[in-house]
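Asker: predicted model and sequence below, questions to follow.
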Amino acid sequence: MTSDPEQIRAEIARHLADVPDPATPDADIETIAAQLEAAHDLLVHALQAVDRNPAGGTTGQETEG
């Protein structure tokens, strides 16, 4: 999983671009839900990748001193 913000934005935009307009009479709620879930999963994985490898190589356990 990449933690590159631009790549993540592009992937999220791709998923959201495929979401049909829910206001249309023939909108398939299952399709909408699947696309939103895919975008959500991508964001969750990106956040997990950042948590595992914070910027600058810190572990998050440093204290100010």
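Answerer: Great, that's in hand.
Asker: so what's Glu38 closest to, chain neighbours aside?
Answerer: You called it Glu, but residue 38 is Ala. His15 (5.0 Å; CB to CB, 6 or more residues apart in numbering). Using the backbone N, CA and C atoms, a C-beta is placed for each residue, glycine as well.
Asker: now the helix or strand hosting that neighbour: average pLDDT?
Answerer: Here His15, judged by DSSP states H and E, is contained in helix 5-17. With pLDDT averaged residue by residue, helix 5-17 scores 88.
Asker: and the contacts of that helix?
Answerer: Contacts with helix 5-17, where a contact means CB atoms under 8 Å, 6 or more residues apart in numbering, come from Thr2, Gln35, Leu36, Ala38, Ala39, Leu42, Leu43, Ala46.
Asker: so which of these are in strands?
Answerer: In strands, judged by DSSP state E, none of the contacts of helix 5-17 are found.
Asker: most neighbours of all those residues, which one?
Answerer: Ala46 (20 neighbours; other CB atoms under 10 Å).
Asker: so what's the residue count around the residue nearest to that residue when sequence neighbours are not counted?
Answerer: Nearest non-adjacent residue to Ala46, counting by CB to CB, 6+ apart: Ile8, 4.9 Å away. By the criterion of other CB under 10 Å, Ile8 has 19 neighbours.
Asker: please report how far Ile8 lies from His45.
Answerer: Separation of Ile8 from His45 (CB to CB, to the nearest Å): 9 Å.
Asker: filter the contacts of helix 5-17 down to just the ones in helices.
Answerer: Counting by DSSP state H, those place Gln35, Leu36, Ala38, Ala39, Leu42, Leu43, Ala46 in helices.
Asker: any chance of those residues in CSV, plus pLDDT?
Answerer: Shown next, in CSV, are these (pLDDT from 0 to 100):
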residue, pLDDT
Gln35, 90
Leu36, 91
Ala38, 90
Ala39, 89
Leu42, 90
Leu43, 89
Ala46, 86
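Asker: can you add distance to Asn53 and give these back as TSV?
Answerer: Shown next, in TSV, are the ones in helices among the contacts of helix 5-17 (distance: CB to CB, whole Å):
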residue	distance to Asn53
Gln35	28
Leu36	27
Ala38	23
Ala39	22
Leu42	17
Leu43	16
Ala46	11
